[in-house]
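Q: next come a sequence and a model predicted from it.
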Amino acid sequence: MVGTTYARTVEATRTAPAPRPAPIELTRWVLPQEEARVSESIPQRPRLTVLGTGYLGATHAVSMAELGYEVLGVDVDESKITKLADGQVPFHEPGLDEMLRRNLSTGRLRFTTSYAEAAEFGDVHFVCVGTPQKAGSMAADMRYVESAVVSLAPHLTRKALVVGKSTVPVGTAEWVEELVAQHAPAGLGVEVAWNPEFLREGFAVEDTLRPDRLVFGVKSEWAQQMLEATYKGVYELGVAEDREVPTVVTDFPTAELVKVAANSYLATKISFINAMAEVSEVAGADVTQLARAIGYDVRIGNKFLRAGVGFGGGCLPKDIRAFQARADELGVGHALRFLNEVDQINDRRREKAVSLTEELVGGSLDGARVGVLGATFKPNSDDVRDSPAVAVTRRLAEAGAQVTVYDPQGIDNARRALPTVAYATSALDAIRDADAVVVLTEWEEFRHADPVTLGNAVAHKRVVDGRNCLDPAVWRAAGWEYRGMGRA
Ligand SMILES: NC(=O)c1ccc[n+]([C@@H]2O[C@H](COP(=O)([O-])OP(=O)(O)OC[C@H]3O[C@@H](n4cnc5c(N)ncnc54)[C@H](O)[C@@H]3O)[C@@H](O)[C@H]2O)c1
Ligand SMILES: O=c1ccn([C@@H]2O[C@H](COP(=O)(O)OP(=O)(O)O[C@H]3O[C@H](CO)[C@@H](O)[C@H](O)[C@H]3O)[C@@H](O)[C@H]2O)c(=O)[nH]1
């Protein structure tokens with residue numbers, strides 16, 4: 001490994017570009033030419049706290065411990081902390097359980113509900129609490145960010161860096177700085193930075209250990225250096241794997257905006273292809289082939305062009321709404337009007353899955369038995385927040401259908417979100433005697449289900465493929481009436 005190029009790139013848009021270090025020996029933790037820059041106030045390996053141990057925070061805490069950092073996870077939810085401390089991840093995320101247990105056993109990773117302990121322990125405090133959509137509004141609910149900062153600040157006894165990771169309205173970092181100034185003891189010099197997170201559920205560990213980029217919103221050289229020390233493990237892994245970890249060092253508002261801009265772009269791309277699905281449906285075209293054809297253009301790319309029941313989850317839907325609300329507050333709401341259309345296209349696809357089912361069962365859902373496959377907003381997750389699958393299921397039930405749902409990981413969460421429908425413990429049980437089957441999450445198990453076996457269980461071989469994840473030719477050959485989203 002000796003002589004491998006140190007592949008980190010730093011694009012500084014606010015501060016002066018950092019010097020690009022020469023090749024290093026990976027066994028060295030501090031680069032020779034950086035030794036002078038790393039002042040006494042920058043620990044070699046900062047001790048990290050992670051405030052909020054949900055999908056983002058728990059993954060971040062465990063992954064940073066895996067990279068060799070001492071990490072303390074903090075949450076106000078005692079049951080979550082008890083579970084984590086006991087080696088159980090309170091949600092489904094591939095690979096995380098094993099990594100949690102490994103790092104608990106080394107003693108590098110611990111969990112607490114005590115902010116006093118967190119303040120005492122940490123050099124860097126990551127704010128990873130939720131920023132859900134506010135009830136009755138499109139805006140983000142910022143009360144958890146406020147409570148985390150206000151709970152931590154009075155206990156601080158030395159200079160530390162408070163790093164926002166939650167997805168927030170632009171302007172939040174400045175507000176957090178004010179909160180810290182109001183609530184931390186005077187004279188400590190506590191600073192704030194913004195470091196948005198781009199991990200995807202289902203790939204959360206991989207995305208944390210091997211991010212496609214890092215973004216540091218900072219106001220001082222010290223904050224930048226603290227973040228560089230904090231992510232040194234990530235950079236070193238990149239070097240070891242001959243992979244770059246591009247890092248954009250910028251100001252607060254840019255860092256905050258990068259996150260909502262990225263999610264808005266992703267949501268727009270999905271709604272674009274779903275708009276093409278709407279047109280394909282009336283024109284007799286096939287949107288999956290259209291997507292394949294336009295995706296070969298490298299300027300467009302083939303990712304995020306899967307038409308279906310649209311986007312859901314704890315991020316894209318609420319983030320595009322909060323972004324619009326914030327733009328309105330800033331007097332530039334007109335610039336983001338298209339996001340309203342993006343949201344509406346997304347909702348129409350949910351409705352379309354309902355109307356296709358209605359059509360398949362002969363015009364009325366009242367009393368129809370419908371087997372639903374999928375509840376989570378995407379495969380390899382148990383997350384049902386704003387899940388298109390749950391929304392479609394609810395609408396089917398409201399239209400009078402007798403619905404039975406199966407999902408490999410999401411049944412417990414789905415039952416809490418939608419207690420009024422029936423749940424089965426296998427796909428076969430969910431579709432038994434069904435008048436129609438509706439696939440709403442593209443789990444491997446459903447993509448590769450045998451249409452002959454399933455066909456023997458149902459009353460009528462009718463399937464709505466809400467994720468365009470089945471092969472229509474194979475299902476039709478097995479005698480099924482097949483309806484996809486935007487495909488003939
Ligand atoms: N889930 C993702 O894939 C993902 C990815 C990138 C960014 N984000 C952003 O990260 C943030 C967190 O999202 P999430 O999905 O992890 O949410 P989550 O609801 O799973 O977790 C939030 C956690 O914060 C805890 N909490 C609330 N108030 C607290 C307080 N005062 N102190 C300590 N803990 C507190 C809650 O108990 C909960 O465990 C959001 O802003 C989200 O938009 C999420
Ligand atoms: O071609 C596609 C791709 C995705 N989806 C749907 O879009 C939603 C979101 O998918 P994805 O982005 O993979 O999931 P998340 O885990 O919510 O991740 C998004 O939201 C996170 C939280 O902000 C960000 O960190 C990630 O970068 C961003 O991809 C899901 O319902 C998918 O089924 C489609 O319908 N078609």
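A: Structure's in. What do you need? From a predicted model like this one, the values you see are computed outputs, not experimental measurements. Ligands and ions are numbered 1, 2, ... in the order given.
Q: how about the residues of the stretch 201-350 of the chain near ligand 1?
A: Residues of the stretch 201-350 of the chain lying near ligand 1 by Cβ under 6 Å from any ligand atom: 201, 314-315. To be clear about C-beta, it is placed using only N, CA and C from the backbone, and glycine gets the same treatment.
Q: considering only those, which also neighbour ligand 2?
A: Near ligand 2, taking Cβ under 6 Å from any ligand atom as the test, the members of these found are 201, 315.
Q: weed out the non-buried ones from the residues of the stretch 201-350 of the chain next to ligand 1.
A: Those of those that meet the buried threshold are 201, 314-315, by 16 or more other Cβ atoms under 10 Å.
Q: ok, the residues you listed vs Glu281, which is closest?
A: Proximity to Glu281 was ranked across those by Cβ to Cβ; first place goes to Cys315, at 27.8 Å.
Q: residues touching that closest one, list them.
A: Going by Cβ atoms under 8 Å, 6 or more residues apart in numbering, Cys315 touches 167, 263.
Q: and the longest helix for this protein?
A: helix 252-283 (DSSP state H).
Q: and the helix or strand following that helix, what other elements does it pack with?
A: Tracing the chain past helix 252-283, the next element assigned as helix or strand by DSSP states H and E is helix 287-295. Contacts defined by 3 or more Cβ pairs under 8 Å, 6 or more residues apart in numbering; DSSP states H and E place helix 287-295 against helix 252-283.
Q: report whether the helix it packs on contacts ligand 2.
A: Yes: counting by Cβ under 6 Å from any ligand atom, ligand 2 has neighbours in helix 252-283: 263, 266, 270.
Q: next one: that helix to chain centre, how far?
A: Offset of helix 252-283 from its chain centre (Cα atoms, centre = their mean, to the nearest Å): 15 Å.
Q: can you name every helix or strand that it contacts?
A: Applying 3+ Cβ pairs under 8 Å, 6+ apart, one finds that helix 252-283 makes contact with helix 172-183, strand 191-194, strand 214-217, helix 287-295, helix 316-329, helix 337-360.
Q: as a markdown table, these with mean pLDDT, distance to Lys232 and mean neighbour count would be great.
A: Compiled in a markdown table, the helices and strands packed on helix 252-283 are given as follows (pLDDT from 0 to 100; distance: least, Cβ to Cβ, whole Å; neighbours: other Cβ atoms under 10 Å):
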| stretch | mean pLDDT | distance to Lys232 | mean neighbour count |
| --- | --- | --- | --- |
| helix 172-183 | 98 | 23 | 18 |
| strand 191-194 | 98 | 16 | 26 |
| strand 214-217 | 98 | 11 | 24 |
| helix 287-295 | 98 | 37 | 17 |
| helix 316-329 | 98 | 29 | 22 |
| helix 337-360 | 98 | 37 | 19 |
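Q: and the residues of the stretch 201-350 of the chain next to ligand 1, which is closest to Phe304?
A: Cys315 (13.5 Å).
Q: how far away is that closest one from Lys83?
A: Cys315 is 23 Å from Lys83, where distance means Cβ to Cβ, to the nearest Å.
Q: quick one, what contacts the closest residue to ligand 1 within the stretch 51-200 of the chain?
A: Closest contact between the stretch 51-200 of the chain and ligand 1, by Cβ to the nearest ligand atom, is at Gly54 (1.8 Å). Shown in contact with Gly54 (Cβ under 8 Å, 6+ apart): 75, 80, 91, 128-130.
Q: what does the chain put close to ligand 2?
A: Residues of the chain lying close to ligand 2 (Cβ under 6 Å from any ligand atom) are 167, 197-201, 263, 266, 270, 304-306, 308, 310-313, 315-316, 377-378.
Q: just the buried residues from these, in PyMOL please.
A: The buried subset of those, as determined by 16+ other Cβ under 10 Å, is captured in PyMOL by this line:
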select buried, resi 167+197+198+199+201+263+266+270+304+305+306+308+310+311+312+313+315+316+377+378
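Q: in CSV, list the contacts of Gly54 along with pLDDT.
A: Converted to CSV, these look like this (pLDDT from 0 to 100):
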residue, pLDDT
Asp75, 98
Lys80, 98
Phe91, 96
Cys128, 98
Val129, 98
Gly130, 98
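Q: scan those and report the most crowded one.
A: Cys128 (29 neighbours; other Cβ atoms under 10 Å).
Q: OK, contacts around the closest residue to that one other than its chain neighbours?
A: Nearest-residue entry for Cys128: Gly57, 3.4 Å, with adjacent residues in sequence omitted and distances by Cβ to Cβ, 6 or more residues apart in numbering. Contact analysis of Gly57 by Cβ under 8 Å, 6+ apart lists 50-51, 73, 75, 126, 128-129, 165.
Q: Lys259: which of these is nearest?
A: Lys165 (9.4 Å).
Q: the closest one touches His125, doesn't it?
A: No: with contact defined as Cβ atoms under 8 Å, Lys165 does not reach His125; the gap is 10.2 Å.
Q: more neighbours: which of the two?
A: Neighbour totals were compared for Lys165 and His125, and His125 leads with 29 against 22 (other Cβ under 10 Å).
Q: for Ala397, list the residues it contacts.
A: Contact analysis of Ala397 by Cβ under 8 Å, 6+ apart lists 403, 418, 420-421.
Q: which one among those gets closest to Val218?
A: The closest of these to Val218 turns out to be Leu418 (Cβ to Cβ; 43.3 Å).
Q: show the backbone phi and psi for Tyr423.
A: Main-chain dihedrals, Tyr423, degrees, to the nearest 10: phi -120, psi 140.
Q: okay, it and Ala430: tell me how far apart.
A: Note on Tyr423: its distance to Ala430, by Cβ to Cβ, is 8 Å.
Q: for the chain, which residue is closest to the average position?
A: Closest to where the C-alpha atoms of the chain average out (Cα atoms, centre = their mean) is Arg200, at 4.2 Å.
Q: distance check, the residue lying closest to it once chain neighbours are set aside against Lys83.
A: Spatial nearest neighbour of Arg200, chain neighbours left out: Asp207 (5.8 Å); criterion: Cβ to Cβ, 6+ apart. Counting by Cβ to Cβ, the gap from Asp207 to Lys83 is 23 Å.
Q: which residues does the closest residue to Arg110 other than its chain neighbours contact?
A: Distance criterion Cβ to Cβ, 6+ apart; nearest residue to Arg110, sequence neighbours excluded, is Leu72 at 5.3 Å. Leu72 is in contact with 47-50, 61, 110-112, 117-118, 121-122, counting by Cβ under 8 Å, 6+ apart.
Q: can you select the buried ones from the residues you listed in PyMOL?
A: A single PyMOL command is used to select the members of those judged buried by 16+ other Cβ under 10 Å:
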select buried, resi 47+48+49+50+61+110+111+112+118+121+122
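Q: and which of the contacts of Leu72 is nearest to Val439?
A: Set against Val439, the nearest of the contacts of Leu72 by Cβ to Cβ is Ala61 (34.9 Å).
Q: tell me the contacts of that closest one?
A: Taking Cβ under 8 Å, 6+ apart as the test, what Ala61 contacts is 48, 50, 53, 71-73, 109, 111.
Q: please tell me how far the closest residue to Thr453 other than its chain neighbours sits from His460.
A: Leaving aside its sequence neighbours, Thr453 sits nearest to Leu428 (Cβ to Cβ, 6+ apart; 7.5 Å). Here the distance between Leu428 and His460 works out to 16 Å (Cβ to Cβ).
Q: tell me where the stretch 301-450 of the chain has helices.
A: 316-329, 337-360, 388-398, 411-417, 427-431, 444-447 (DSSP state H, counting those that start in this stretch).
Q: list the buried ones in the shortest one?
A: What it means is helix 444-447. Along helix 444-447, these residues count as buried under the neighbour rule (16+ other Cβ under 10 Å): 445-446.
Q: no further questions, thank you.
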